[in-house]
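Student: Requesting a structural model of the entry that follows:
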Amino acid sequence: MQSVKFTIDGVPLLYNGMEVGDTAESGYPALFEKFPIFWDNQVRRPEFPQFYKKFIALRKANTALRRGDLIWLRNSDERRVVTFARRYAGDEFVVAINFSNTPFVGLIEGGGEGFEDVTPYVPLPQLPGQGSVETKKKSVVALPSVALDSWGYRIFKRVK
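Tutor: Take a look at the predicted model:
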């Protein structure tokens, strides 16, 4: 789950072409030798560079995601879902990540009124003739209720 890298404490690590969706194995001996990145992949899989650009911008614009305190939050299915808050200087984010192939509808600890869904939306590529892609609209939500797709994640920021 790449969303974890940009929302949890620490420095995100991007390794050898992840930003363009290069899924080539990089085990021994390639880990210690020159291993070329297939840069043309970004044309075939434009969602990868878009994803990383949007998450990098979100992290860069919000100190709480870079330097904030990490507070683990309980949720109604901790076997599959991880929830935590990031807080810094009055800013607060709540992150929910589903690490399973089953959708999640449940509750997370904390929250309350006045959170905005700020999850970076990256549309999947469309085949020619399939029409336009609907864009995600930001909305103010009341936690603790949250719904996540299989392998899904959502990031909420408290509205001041």
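Student: Identify the residues contacting stretch 77-90?
Tutor: Stretch 77-90 is touched from outside by 4, 7-9, 63-65, 67-75, 92-100, 102, 104, 106, 108-110, 148, 160, with contacts defined as Cβ atoms under 8 Å, 6 or more residues apart in numbering. For the C-beta atoms, the positions are set from N, CA and C on the backbone; glycine is no exception.
Student: Okay, buried residues for it please.
Tutor: Using 16 or more other Cβ atoms under 10 Å as the test for burial, stretch 77-90 gives Asp77, Arg80, Val81, Val82, Thr83, Phe84, Ala85, Arg86.
Student: Among the residues you listed, which one sits closest to Val43?
Tutor: Nearest to Val43 among those: Val82, at 33.3 Å, using Cβ to Cβ.
Student: Pipe the buried residues of stretch 77-90 into TSV and attach secondary structure and pLDDT per row.
Tutor: Shown next, in TSV, are the buried residues of stretch 77-90 (DSSP: H, G, I helix; E, B strand; the rest coil; pLDDT from 0 to 100):
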residue	secondary structure	pLDDT
Asp77	coil	95
Arg80	coil	95
Val81	strand	96
Val82	strand	95
Thr83	strand	95
Phe84	strand	95
Ala85	strand	94
Arg86	strand	95
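Student: Quickly name whichever of these is closest to Gly17.
Tutor: In terms of Cβ to Cβ, no member of those lies closer to Gly17 than Val82, at 26.3 Å.
Student: which residues does the closest one bridge with?
Tutor: Listed beta-bridge partners, Val82: Ile97 (assigned using DSSP bridges).
Student: Can you tell me how far it is from Asn16?
Tutor: Noted for Val82: a distance of 26 Å to Asn16, by Cβ to Cβ, to the nearest Å.
Student: With Gly10 instead?
Tutor: Gly10 sits at a distance of 19 Å from Asn16 (criterion: Cβ to Cβ).
Student: ok, now Ile56?
Tutor: Distance from Ile56 to Asn16, counting by Cβ to Cβ: 17 Å.
Student: For the longest helix anywhere in the chain, buried residues please.
Tutor: The longest helix of the chain (DSSP state H) is helix 47-61. For helix 47-61, the neighbour count (16+ other Cβ under 10 Å) marks Phe48, Pro49, Gln50, Phe51, Tyr52, Phe55, Leu58, Arg59 as buried.
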